[in-house]
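Student: output the structure for:
(one chain, ligands or ions: 1)
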Amino acid sequence: MKKIIIGNWKLNLDHLEAIQLLQKLNYSLEVDIEDNIDIVLAPSHTSLRSLQTIVDADKLKIKISSQDVSAYQSGAFTGEVSASQLCKLNIGYSIIGHSERRTLFNESDEIVNLKVHNSIDNKIVPIICFGESEELRNNNEYLPHIINQVNSSVKGIRKDKVEEIIFAYEPIWAIGTGKVASTEDAIEVLSAVKEEISSKPYYDQDKIRFIYGGSVSPTNATELLNSKIIDGALVGGASLDTEKFVQIIKSIKL
Ligand code: PEP
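Tutor: Predicted coordinates for the structure are as follows:
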């Protein structure tokens, strides 16, 4: 399975700064890396058009993702950005159900599911995030919670419509905290999710990737990313630092 590294820039950088960071990253990557690893950047909505235009014009291999997408298709939903609008910009991916959206913006499993449907209907690859709180982990209740989140997110998805899905295990206690999950913990969860998904009719082994996110850094990336079970990483903080991000990408043994 081709590995994927996704940089989630969150609410950082204006569009001029985002262009600079994209170009810096592009100059720092060798062709064989870009050919063998999918590299995706998720800037704020205001930078999507600028970055995608550069990617298209200069035929870059780096791909662009949105950080979110509306649960609605069109109409009286002030402030929302729809999957079809993103599709028109050639955006190929969208992060969906990030824990910051679930906790800070009350995003329910039902909303996440609508967003996944809208993305797939518009040929946008959903990067579906899920993961447990520290409390659920400490009480050893994390697996049922995660399986429930995953099942809800893909409810009603039909195999014939799915080109690709990315499942991102992001334990809430590991996001932005410097507390990375152990490789064993990440493998345990991703194996359980993979087993669950493989029992569904929409599962297509070659098109679904299972990745980890949460305080990934150059120090811990080598072990995590060279596991056969972990198909890549969703990187927050370290993706804003080109040197660190490139080190993470280069820690994958080709
Ligand atoms: C994230 O926000 O998806 C994330 C993984 O953040 P960080 O790498 O900073 O923990």
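Student: need the helices for the stretch 151-254 of the chain, in chain order.
Tutor: Applying DSSP state H, counting those that start in this stretch to the stretch 151-254 of the chain gives helices spanning 183-198, 221-225, 242-250.
Student: how about the residues of the stretch 51-200 of the chain by the ligand?
Tutor: 170, 175, 176 (Cβ under 6 Å from any ligand atom). From N, CA and C alone the C-beta is placed, and that goes for glycine too.
Student: point out where the stretch 51-200 of the chain drops to low pLDDT.
Tutor: Under the criterion pLDDT under 70, no range of the stretch 51-200 of the chain is flagged.
Student: if we use 90, what do you get?
Tutor: Across the stretch 51-200 of the chain, the ranges flagged by pLDDT under 90 are 157-163, 198-200.
Student: what are the ranges of the strands in the stretch 51-200 of the chain?
Tutor: 63-66, 93-96, 125-130, 165-169 (DSSP state E, counting those that start in this stretch).
Student: let me have those strands in JSON lines, adding mean neighbour count as columns.
Tutor: Listed next are those as JSON lines, based on neighbours: other Cβ atoms under 10 Å:
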{"stretch": "strand 63-66", "mean neighbour count": "25"}
{"stretch": "strand 93-96", "mean neighbour count": "26"}
{"stretch": "strand 125-130", "mean neighbour count": "27"}
{"stretch": "strand 165-169", "mean neighbour count": "26"}
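Student: do you know which of the ones you listed lies nearest residue 43?
Tutor: In terms of Cβ to Cβ, the element of these nearest to residue 43 is strand 63-66, at 7.4 Å.
Student: that closest one packs against which elements?
Tutor: The contact analysis (3 or more Cβ pairs under 8 Å, 6 or more residues apart in numbering; DSSP states H and E) places strand 63-66 against strand 37-42, helix 45-57, strand 93-96.
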